[in-house]
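In: Take this sequence and fold it.
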Amino acid sequence: MRSSLYVCYLVGLFFLGAYHYYQNWENGLETGDTSGYYFWLPSAFIYHDLPNPEITNRARCKAFGKPEIAMSELWPEGVRGDVVLNKYTMGMAVLYAPFFAAAHVLAPVWGYEADGFSMIYRYMIYLSGVVYGFLGLLVLRRVLLRYFDDTVTAWTLVAVGLATNLYFFASWNTAMCHAGQFLLFASLMYCTEKWYENLRLKYAIGVGALAGLITLIRPSDALCVAIPLFWGLTSISALRARFQVLKKHWTHGIAAVCSAIAVGFPQLLFWKIYTGTFFYYSYGSEGFDFSNPHLLEGIFGYQNGWLTYTPVMYLAILGIAWLFRVRNNYLLPVILILPVQLYVIYSYWGWQWTNGYGARPMIEYYALLSVPLAGFLSVAFARRWSRWPVMAVVVIFAVFSIFQEWQFHQGLIWPELGTRNFFYSTIGKTKLDAKDLLYFDGAPVQPADPAALIKVKTLYFNDFEDSTAVEFTRTDPYAGQFSFCFNQAQQFSPGLAVEPVGPEVQPGRWLKVSVWCMRKHDSGNIYKMSSLVTYFGHEGKELAYYGIRLENKPGNTEGSIWAGKPGVWAEVAYYVPVPKNIRESDLLKVYVWNPNETMIYIDNLSVELYK
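Out: Residues are numbered from 1 along each chain as shown. Reported below is the predicted structural model:
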């Protein structure tokens, strides 16, 4: 019974080792979700400026050497009188609190500013995710050992700890809520088991407090209440027995509800005082569209798709059949919670779930899904012919997860903007090539041998020599005397716009679209780059659209999506297949679009037709 314990320690060492290798805490707490989660603590205990933490924000600006960091990033609703409403609840502040206290005590001892934002605070707050991820595995082990032998439990912990995106959030983006939620879900399962086993009041209080804290951290995770409510209901007789237990121990139910309310009461009271209502939706326009869920893209797609980046969960889904076969206690919680959770998270406006790797809202539910996962492994391990292949699959998925985190760190992948071609093109790569960068931008599959294509004609060429417009400049042209430079008033370059396209632009042929470009300054933000656009349209409707980023291509010797150098001219070119449903009367447009006022120069914009 010790192998599974050793696995917990081993996975914990992986968490801790990766945490110190990547050192992602160095720029932590500056902006984003973690900053919002955390702001409650320094505001309440150091600067005493709730509910309008302007002093706290000035301390943050000073710590990060920034003249200003807009509080609107954290409080999109803005100021209501003298109140600034933090869109994030105070739940994560509860989990951060022991680490915040330790940092505050150690800061003067180790020579750091006790300002809430110096490096010791960032290190300790981010360390919390490592610790909670490890503790979550320890608690989950105790749950699994109630149903499975030590070997199956050990391999399940390997799968959950290393082969899912829990690894990413327990070693890289550790201050996000998911490692902590994973621990709370595992603890809720444990307390549920213990209460039904011995019906002691302390476990009922634990169930309520844990469910309350889980909901306080992520209100959508209120689904967790289905775990204690539906645990063990595997038959009509079990349902009848449940009613008898609840009737006899009704005070335990009241205690659970009261403990849940007590955990959330400070937040409810804060909202009541400063908004006039106990229940306040603090995320503004960031809501849900339940009439248009992105289930297929979210589960199977390449923009942080759940099963795409965590394929080991296919085994858990297969293991649901085992739950039915043995009538496991977690049958109803799994089959009720899983579809609802997927529906909810992929109805969210930001269904790609940015700021991480894979479907991060699923991480806490891995505690629950570990039961069918272990059920699948128990069946596979019972047969000699399937035991070793399944073990190999788990190891491969773990290596895949660990290696992709390294690729993430190196700037080789960015899953929230992933595409199918890019995903498969970069598996196992340690450096990106030009084709990979095109696939990251959403380019279609490029010809296997462009040299084998035959040029039909040049459809368009602009060397930007024939105009007196202010955008035409003599500053550093690539060729000739002029190049085109974008300014604040000019988002679109001159380009090709032909309607009808004519008979020569027909299915089966290719367009080669190219431009020479050079940027003057650093522009590593892939969300604010210019793009070389190709557009096919039919009667005002889009047939095909491609936009290839420019700034990260010139001087990109590092082979990274973030790389590229200013002051370097380079050609950006890609091939576009003519759409199969194109008509002679349709529209073709090619141009450069610069929506973010970055200073970029272009020259020799060209469109060529090949067959």
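
In: CA atoms for contacts and neighbours, from now on please.
Out: OK.

In: mind giving me the domain split of the chain?
Out: 3-400, 435-610 (automatic domain parsing).

In: As CSV, those domains with mean pLDDT would be great.
Out: Formatted as CSV, those follow (pLDDT from 0 to 100):
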stretch, mean pLDDT
domain 3-400, 95
domain 435-610, 90
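
In: now for those, which one comes closest to residue 411?
Out: Of all these, it is domain 435-610 that lies closest to residue 411, at 5.1 Å by CA to CA.

In: in the stretch 1-150 of the chain, which spans are strands?
Out: Using DSSP state E, counting those that start in this stretch, the strands of the stretch 1-150 of the chain run over 79-80, 83-84.

In: follow-up on the earlier one: any chance of the domains of the chain in TSV, plus mean neighbour count?
Out: Output for the domains of the chain, formatted as TSV (neighbours: other CA atoms under 10 Å):
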stretch	mean neighbour count
domain 3-400	19
domain 435-610	18
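
In: List just the one of the ones you listed that sits closest to residue 410.
Out: Among those, domain 435-610 comes nearest to residue 410, with 7.1 Å by CA to CA.

In: Now do the SS call for the residue nearest to the spatial centre of the chain.
Out: Centroid-nearest residue in the chain: residue 356, 3.2 Å away (criterion: CA atoms, centre = their mean). Following DSSP: H, G, I helix; E, B strand; the rest coil, residue 356 is assigned to coil.

In: which ones are touching it?
Out: Counting by CA atoms under 8 Å, 6 or more residues apart in numbering, residue 356 touches 168-169, 173, 415-416.

In: let's see it at 6 Å
Out: By CA atoms under 6 Å, 6 or more residues apart in numbering, residue 356 lies in contact with nothing.

In: Show the residue spans covered by the strands in the protein.
Out: For the chain, applying DSSP state E gives strands covering 79-80, 83-84, 455-462, 472-473, 483-485, 496-498, 510-519, 531-538, 541-549, 570-577, 587-593, 600-610.

In: Looking at those, which is nearest to residue 375?
Out: From those, taking CA to CA, the stretch that ends up closest is strand 541-549, at 44.8 Å.

In: Return the angle between stretch directions for that closest one and strand 570-577.
Out: With axes from the mean of the first three to the mean of the last three CA atoms, to 10 degrees defining the directions, strand 541-549 sits at 150 degrees from strand 570-577.

In: any idea how far residue 483 is from residue 516?
Out: Distance from residue 483 to residue 516, counting by CA to CA, to the nearest Å: 10 Å.

In: Need the residues touching each of the two.
Out: 602-603.

In: give the contact list for residue 448.
Out: Counting by CA under 6 Å, 6+ apart, residue 448 has no contacts.

In: for the stretch 1-150 of the chain, what spans make up the helices?
Out: For the stretch 1-150 of the chain, the helices defined by DSSP state H, counting those that start in this stretch cover 3-22, 32-45, 54-63, 91-109, 119-144, 150-162.

In: list the contacts for residue 530?
Out: Residues near residue 530 by CA under 6 Å, 6+ apart: 549-550, 593-594.

In: Can you pull the phi/psi pair for it?
Out: Taking degrees, to the nearest 10, you get phi -70, psi 160 for the backbone angles of residue 530.

In: Please name the nearest non-neighbouring residue to it.
Out: Distance criterion CA to CA, 6 or more residues apart in numbering; nearest residue to residue 530, sequence neighbours excluded, is residue 594 at 4.4 Å.

In: That neighbour against residue 491, yeah?
Out: Yes: Residue 594 is in contact with residue 491 according to CA atoms under 6 Å; the separation is 4.8 Å.

In: thinking again about what came up before, same list (the strands of the chain) but as a markdown table, adding distance to residue 140.
Out: Output for the strands of the chain, formatted as a markdown table (distance: least, CA to CA, whole Å):
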| stretch | distance to residue 140 |
| --- | --- |
| strand 79-80 | 43 |
| strand 83-84 | 39 |
| strand 455-462 | 62 |
| strand 472-473 | 65 |
| strand 483-485 | 59 |
| strand 496-498 | 60 |
| strand 510-519 | 52 |
| strand 531-538 | 47 |
| strand 541-549 | 44 |
| strand 570-577 | 50 |
| strand 587-593 | 51 |
| strand 600-610 | 53 |
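
In: between those, which gets nearest to residue 440?
Out: For residue 440, the closest of these is strand 541-549, at 8.7 Å, according to CA to CA.

In: Can you name every helix or strand that the closest one contacts?
Out: On a contact count with 3 or more CA pairs under 6 Å, 6 or more residues apart in numbering; DSSP states H and E, strand 541-549 meets strand 531-538.

In: Would you mind saying which of the strands of the chain lies nearest residue 324?
Out: strand 541-549 (45.8 Å).

In: mind listing the helices for the stretch 251-400 of the chain?
Out: 295-300, 306-309, 313-326, 331-345, 366-381, 384-410.

In: neighbouring contacts of the third one?
Out: The one in question is helix 313-326. Taking CA under 6 Å, 6+ apart as the rule, helix 313-326 contacts 331, 372-373, 375-376.

In: and the angle for that helix with helix 331-345?
Out: Using the same axes, to 10 degrees: helix 313-326 against helix 331-345 is 150 degrees.

In: Using CSV, write out every CA atom in helix 313-326.
Out: The C-alpha coordinates for helix 313-326 follow below in CSV (Å, rounded to 0.1, in the frame of the first residue of the first chain):
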residue,chain,number,x,y,z
MET,A,313,-9.3,11.8,-20.0
TYR,A,314,-10.5,9.7,-22.8
LEU,A,315,-9.7,6.8,-20.5
ALA,A,316,-11.9,8.3,-17.8
ILE,A,317,-14.8,8.6,-20.2
LEU,A,318,-14.4,5.0,-21.1
GLY,A,319,-14.3,4.2,-17.4
ILE,A,320,-17.8,5.5,-16.9
ALA,A,321,-19.0,2.1,-18.3
TRP,A,322,-17.2,0.5,-15.3
LEU,A,323,-19.2,2.8,-12.9
PHE,A,324,-22.4,1.4,-14.4
ARG,A,325,-21.2,-2.2,-14.3
VAL,A,326,-20.2,-2.2,-10.6
